[in-house]
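>>> only the shape, not the letters, is given here:
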């Protein structure tokens, strides 16, 4: 998905008010964001089925930072893979989402993470002139991605966003229709 698409529909703030706790019903997480985020829902094709993807995005006008939380459902069959292999596959797909753009997105592994008993990884992110931090957590049937653009962990807004992310006590159920067999081809 091109970075330009991230800029469309972002919620913006001109001042530095107290950040809001974002905890969407059924989202399985909470996080602090500078403003009420815009929500974009999509269905991502994976292995012949479609899986729910939700992108919550907000930005700060003053700093220019952009904050995204992306939740992506994953097929049951991926549970047969090790957590590390699922993460490798997800990150490869995430990079492919930027398409054939000559400016290719760069994701460079930084370190492994653990949060509330879930495995995660942190990457440095670069796309054209934009730099940031990407954290991805594997929660079994869902991957959670935090993408903070505009700096690194030394940036107070980025640190606040990344450090505020928590899983809620109840994990969300997959959306109805997940893991239906793909439709059979007609003769």
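Arrived safely. Bear in mind that the values here come from a model prediction, so they are computed numbers and not experimental data.

>>> hey, what's the nearest residue to residue 133 once chain neighbours are set aside bridged with?
Leaving aside its chain neighbours, residue 133 sits nearest to residue 148 (5.0 Å; criterion: C-beta to C-beta, 6 or more residues apart in numbering). C-beta coordinates here come from the backbone N, C-alpha and C atoms, glycine included. Per DSSP bridges, the residues bridged to residue 148 are residue 67, residue 133.

>>> helices of this protein, residue ranges please.
Taking DSSP state H as the criterion, the chain contains helices spanning 3-7, 83-96, 156-164.

>>> the second one - contacts with which helices or strands?
With contacts defined as 3 or more C-beta pairs under 8 Å, 6 or more residues apart in numbering; DSSP states H and E, the secondary structure elements packing on helix 83-96 are strand 106-115, strand 118-127, strand 130-138, strand 142-149.

>>> most tightly surrounded among the ones you listed?
Across the helices and strands packed on helix 83-96, averaging neighbours per residue (mean count of other C-beta atoms under 10 Å) puts strand 142-149 on top, at a mean of 22.

>>> and that one, average pLDDT?
Mean pLDDT, computed over strand 142-149, is 95.

>>> what about residue 82, neighbour count?
9 (other C-beta atoms under 10 Å).

>>> I'd like the distance between residue 74 and residue 93.
Per C-beta to C-beta, to the nearest Å, residue 74 is found 10 Å from residue 93.

>>> how about residue 78?
Separation of residue 78 from residue 93 (C-beta to C-beta): 11 Å.

>>> check residue 84 too.
Distance, residue 84 to residue 93, using C-beta to C-beta: 15 Å.

>>> was I right to think the residue nearest to residue 133 contacts residue 162?
Yes. Here residue 148 lies in contact with residue 162, judged by C-beta atoms under 8 Å, at a distance of 6.0 Å.

>>> need the overlap of contacts for these two.
Residues touching both residue 148 and residue 162 by C-beta atoms under 8 Å, 6 or more residues apart in numbering: residue 133.

>>> pretty sure residue 72 contacts residue 51?
Yes. Using C-beta under 8 Å, residue 72 is in contact with residue 51, at 6.8 Å.

>>> in this protein, where is pLDDT below threshold?
1-17, 98-103, 169-187 (pLDDT under 70).

>>> the nearest residue to residue 70 once chain neighbours are set aside: what's it in contact with?
Closest residue in space to residue 70, ignoring its immediate chain neighbours: residue 145 at 4.1 Å, by C-beta to C-beta, 6+ apart. Residues in contact with residue 145 (C-beta under 8 Å, 6+ apart) are 68-72, 94, 134-137.
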